[in-house]
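**Q** I would like the atomic coordinates for the input below:
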Amino acid sequence: MMNKMVVANLMHRPIRSMISIIAIALEVTLILLIVGLCYGIMNDTKNRNAGIGFDVIVQPPGSSFLSGVSGAPVSVKVADVLRQRIPHVKVVSPVVWQIATGGGVEVIDGIDLQSFEELGGPFHFVEGGPFRGPDDVLVDDYIARQRHVKVGDSMEILNHQFRVCGVVENGRGARKFVPIRTMQDLIGADGKASVFYLKLDDPANAQSVIDGIKKQPGMEGYSVRSMQDYLSMMTPSNLPGFRPFIGVVIGVSLVIGFLVIFQALYTAVMERTREIGILKSLGASKVYIVNVVLRETLLLAIGGIIVGILVSLTARIGIQHRWPLVHIDQSGEWIWRAAVIAIVGATAGAIYPAYKAAQKDPIDALAYE
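**A** I've put the predicted structure just below:
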């Protein structure tokens, strides 16, 4: 009987109920898309680093583990030291990381193509082939699809014109690769590198190699990690500002849910003063009245959650189809979190209206016009 009355109350004011459902859906969509985008960027970067195929990564002292942040502070001759003096090292590939901001922030890798391909195998070319000259650039298939790039096209990188010589499968570090010497010239870092990727005869020897590098004179302060350790750092707790940003998103979403439900139910309670008086005159207790209001809230929240999940899933498909470079990860865990957050926000917004409804005097309510 109570459930029928709750549904009837919501159906009696369809516009207000629909607005409340849409607002809660917006709250859920906001959480799932923005959080999904943050996790998607992080996991995509992690997967592309894993695809390089290195076993140990060596960075100069004070370097950030984030690609592109460090510049190119040390000589590429460090590669010779690593190759000649450290047992179990088969391949050393120096790379220059550089952030480019033209058309969006992205990391460009300056690579020695031969040694880079020895890390994880040759590039898989979708179109074209390797570098033929100093002004050639390789792009991955995501870049080619999103920006409608094909072999032979001109592309500006770091205020320099490059020719697209090949389109490769994504998943091998950066999305754009230029010859390392060209990158060094462009950023004024002749003979310098940002990072050294090592391929070992056996990944199990990683710790031995790390210890050996640390004992080399002048390399005691270098940051040396195995691939597993390096990838394990790409977590929300290690990324600057990640957790606070997610907290702000959740806080804004909670406020949206709270204000919408508060406004909708407070107005509804004021409009149903006489109805509440009739219920109380028939013996309805304060708990009963509160229960009615909270059930209405729960029904609105569930409707908003369902709509929000459907909208976010649809939006994810549309966004990734239109912009292949944008990765949005929507896990079951975060869907449940978004649902709980929406219910908490809606319930918080309903508490005061429910309290006001329960406190109404039945005689005054019946005399209300």
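**Q** Could you break this structure into its assigned domains?
**A** 2-44+241-366, 61-221 (automatic domain parsing).
**Q** With respect to residue 50, which of those lies nearest?
**A** Proximity to residue 50 (C-beta to C-beta) singles out domain 61-221 among those, at 8.4 Å. For glycine as for every other residue, the C-beta is placed from the backbone atoms N, C-alpha and C.
**Q** and the domains of the chain, which one's lowest on average pLDDT?
**A** The weakest mean pLDDT among those belongs to domain 2-44+241-366, with a mean of 77.
**Q** Next, format the domains of the chain as TSV and append mean neighbour count and distance to residue 233.
**A** Shown next, in TSV, are these (neighbours: other C-beta atoms under 10 Å; distance: least, C-beta to C-beta, whole Å):
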stretch	mean neighbour count	distance to residue 233
domain 2-44+241-366	17	11
domain 61-221	18	5
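**Q** Any chance of a markdown table for those domains, columns distance to residue 51?
**A** A markdown table is the format used below for those (distance: least, C-beta to C-beta, whole Å):
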| stretch | distance to residue 51 |
| --- | --- |
| domain 2-44+241-366 | 11 |
| domain 61-221 | 4 |
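**Q** out of those domains, which comes closest to residue 232?
**A** Across the domains of the chain, closest to residue 232 is domain 61-221 (C-beta to C-beta), at 10.4 Å.
**Q** need the helices for the stretch 151-300 of the chain, in chain order.
**A** Taking DSSP state H, counting those that start in this stretch, the helices of the stretch 151-300 of the chain run over residues 180-187, 206-214, 227-232, 242-271, 273-281, 286-322.
**Q** can you put those in CSV and add distance to residue 330?
**A** Listed next are those as CSV, based on distance: least, C-beta to C-beta, whole Å:
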stretch, distance to residue 330
helix 180-187, 36
helix 206-214, 34
helix 227-232, 22
helix 242-271, 14
helix 273-281, 41
helix 286-322, 6
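**Q** Determine which of the domains of the chain approaches residue 52 most closely.
**A** domain 61-221 (4.8 Å).
**Q** From the opening residue of stretch 165-185 to its closing one, how far?
**A** 20 Å (C-alpha to C-alpha, to the nearest Å).
**Q** cool, and stretch 170-189?
**A** End-to-end distance (C-alpha to C-alpha), stretch 170-189: 27 Å.
**Q** these two touch, right, residue 152 and residue 163?
**A** Yes - counting by C-beta atoms under 8 Å, residue 163 is a contact partner of residue 152 at 6.8 Å.
**Q** Which element is encountered next along the chain beyond the longest strand along the chain?
**A** Assignment by DSSP state E gives strand 89-100 as the longest strand of the chain. Going down the chain from strand 89-100, the next helix or strand is strand 106-111, by DSSP states H and E.
**Q** The next helix or strand along the chain from that next one - contacts with which helices or strands?
**A** Taking DSSP H and E as the definition, the helix or strand that follows strand 106-111 towards the C-terminus is helix 113-120. For helix 113-120, the packing partners by 3 or more C-beta pairs under 8 Å, 6 or more residues apart in numbering; DSSP states H and E come out as strand 89-100, strand 176-179, strand 195-200.
**Q** ok, residues contacting the second one?
**A** The list of residues contacting strand 176-179 from outside it, by C-beta atoms under 8 Å, 6 or more residues apart in numbering, reads 106, 108-113, 116, 131, 134, 136-140, 143, 157, 162, 168.
**Q** do the last one as well
**A** For strand 195-200, the external contacting residues (C-beta under 8 Å, 6+ apart) are 52-59, 63, 70, 78-79, 82, 88-95, 97, 116, 118-119, 206, 209.
**Q** follow-up on the earlier one: indicate which one of the helices of the stretch 151-300 of the chain is closest to residue 42.
**A** It's helix 242-271; of the helices of the stretch 151-300 of the chain, that one is closest to residue 42 (C-beta to C-beta) at 7.5 Å.
**Q** What residue, apart from its backbone neighbours, is nearest residue 208 spatially?
**A** residue 88 (6.5 Å; C-beta to C-beta, 6 or more residues apart in numbering).
**Q** Thanks again, I'm all set now.
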